[in-house]
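Enquirer: what's the 3D shape of this:
(chains A and B)
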2 protein chains.
Amino acid sequence: MEDKEISQAVIGRLPRYFRYLGELKDEGVERISSQDLSRLMQVTASQIRQDFNNFGGFGQQGYGYNVEYLYQEIGKILGLDIQHNFIIIGAGNLGRALGNYFNFERRGFIFKGMFDRDPRLLGMDVRGVRVRPMEEMEGFIREHQIDIAVLTIPKTSAVGVAEMLVKNGIRAIWNFAHVDLNVPEGIQVENVHLSDSLMKLSYNINRYMKEQEKRKEDCQR
Amino acid sequence: MEDKEISQAVIGRLPRYFRYLGELKDEGVERISSQDLSRLMQVTASQIRQDFNNFGGFGQQGYGYNVEYLYQEIGKILGLDIQHNFIIIGAGNLGRALGNYFNFERRGFIFKGMFDRDPRLLGMDVRGVRVRPMEEMEGFIREHQIDIAVLTIPKTSAVGVAEMLVKNGIRAIWNFAHVDLNVPEGIQVENVHLSDSLMKLSYNINRYMKEQEKRKEDCQR
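Expert: Below you'll find the predicted structure:
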């Protein structure tokens, strides 16, 4: 499949399609039109068709889409049919929350190891995985064919750890540290900057409040 | 300030500017040119100027930007000079991780309360905040002027809880539940769908692997 030209914006929307199709499938829905999918997901039907056309279209418009087929195909595009082993670096609350999220396994992400430098956390069990000292990380990555490292450590140590991960052949970093990582080409990074997300929320609250005030003033004039 | 036309894409970039400017400020940097900021943040200088022009430009190009001033102004645009009280609903690992993140306070987000329906978690202390039963939530929101609710509960209960929050006058929901919430106009929602983010990472790993394979094949031809 030719997918070099597909923008990150389209890619960013695929998981949401996958999530909705999974729910439809669980509810026993067999076919859905782009109009119904559009109403459900609150995006335009033309957006849906455009997005799907990047991957060949997935089926005839007149009959709607086959839910199970579409779910499987989008899953394959997302690479969910391939197993990826991951480790979590940082066994604090956030790291443990991610380790305990069993749904990742259903999507092909296998939780293999957990590391921390805090001696008080060593040996702790997170869903069958024991927290190990940082010194064991390099050997572990190679031995267990780890693809993905989840970084839930403070930003001060994240840059150094990321370098070490790259040196040991990791393919991707899911980064929760509040810092942008510079990695060589070919290493995938997906950032989850939680403060950034909260600030965006804050902006939208304030903009709405200002608009309301302005509307009130306009009415009193 | 007229900011009705500003796209969510621009808004989404503001927190990152704010983060970099905060670091520059902490390092004692007083002025920075758009070229230097561009190199540091790995976005084009014209993108930076375009983004800033949405807010009046923030200063002369020849002399560069005043870091402290720019930091303060972007902070104000993001509404960080206004205090927002928040509660967390769901005292599992993720909820506790967010409750323990003290940097939110520095940005004007004040952690006031935490709620869960699991009796084993009730009374637990998270950074000075006691976990309370769900039944106390409605009264608490009004009594403590809560603006923001953080949802770290399973998707099955999220929709019902969101309705209850809206009814009790919440302004915004920071949603970590794996479901899209339908809320009335004027209620701000910011979704953090962690699985979606991991799937995007998975897509990018696989695309890169396929590209590498293709390159290898092309060379062997």
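Enquirer: Give me the helix or strand of chain A that scores worst on average pLDDT.
Expert: Among the helices and strands of chain A, helix A:103-106 carries the lowest confidence by mean pLDDT, DSSP states H and E, at a mean of 85.
Enquirer: now for that helix, which elements pack on it?
Expert: helix B:194-220 (3 or more C-beta pairs under 8 Å, 6 or more residues apart in numbering or on different chains; DSSP states H and E). Backbone N, C-alpha and C define where each C-beta goes, glycine included.
Enquirer: who does the helix it packs on touch, helix- and strand-wise?
Expert: With contacts defined as 3+ C-beta pairs under 8 Å, 6+ apart, the packing partners of helix B:194-220 are helix A:8-26, helix A:103-106, strand A:172-175, strand A:188-191.
Enquirer: As CSV, these with mean neighbour count would be great.
Expert: CSV is the format used below for these (neighbours: other C-beta atoms under 10 Å in any protein chain shown):
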stretch, mean neighbour count
helix A:8-26, 17
helix A:103-106, 13
strand A:172-175, 24
strand A:188-191, 19
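Enquirer: hey, least reliable of these by pLDDT?
Expert: Here the helices and strands packed on helix B:194-220 differ in mean pLDDT, and the lowest is helix A:103-106 at a mean of 85.
Enquirer: And the most centrally placed residue in chain A, how far from chain B?
Expert: Nearest to the mean C-alpha position of chain A, by C-alpha atoms, centre = their mean, lies A:Glu190 at 7.4 Å. Distance check for A:Glu190 against chain B: by C-beta to the nearest C-beta, to the nearest Å, it reads 4 Å.
Enquirer: Next one: that residue from B:Ser34, what distance?
Expert: Per C-beta to C-beta, to the nearest Å, A:Glu190 is found 27 Å from B:Ser34.
Enquirer: swap in A:Arg31?
Expert: Counting by C-beta to C-beta - A:Arg31 and B:Ser34 are separated by 52 Å.
Enquirer: do A:Tyr203 as well
Expert: 22 Å.
Enquirer: How about A:Lys216?
Expert: Distance, A:Lys216 to B:Ser34, by C-beta to C-beta: 38 Å.
Enquirer: Which of these two has more residues huddled nearby?
Expert: B:Ser34 (19 against 10; other C-beta atoms under 10 Å in any protein chain shown).
Enquirer: who's in contact with that one?
Expert: B:Ala45, B:Ile48, B:Arg49, B:Gln61, B:Gly64, B:Tyr65 (C-beta atoms under 8 Å, 6 or more residues apart in numbering or on different chains).
Enquirer: So which of these reach chain A?
Expert: Applying C-beta under 8 Å from any C-beta of the partner chain to the contacts of B:Ser34, one finds that nothing falls near chain A.
Enquirer: May I see the buried residues of the helix or strand where A:Gly160 lies?
Expert: Using DSSP states H and E, A:Gly160 sits in helix A:155-167. The neighbour-count check on helix A:155-167 (16 or more other C-beta atoms under 10 Å in any protein chain shown) flags A:Lys155, A:Ser157, A:Ala158, A:Val161, A:Ala162, A:Leu165, A:Val166 as buried.
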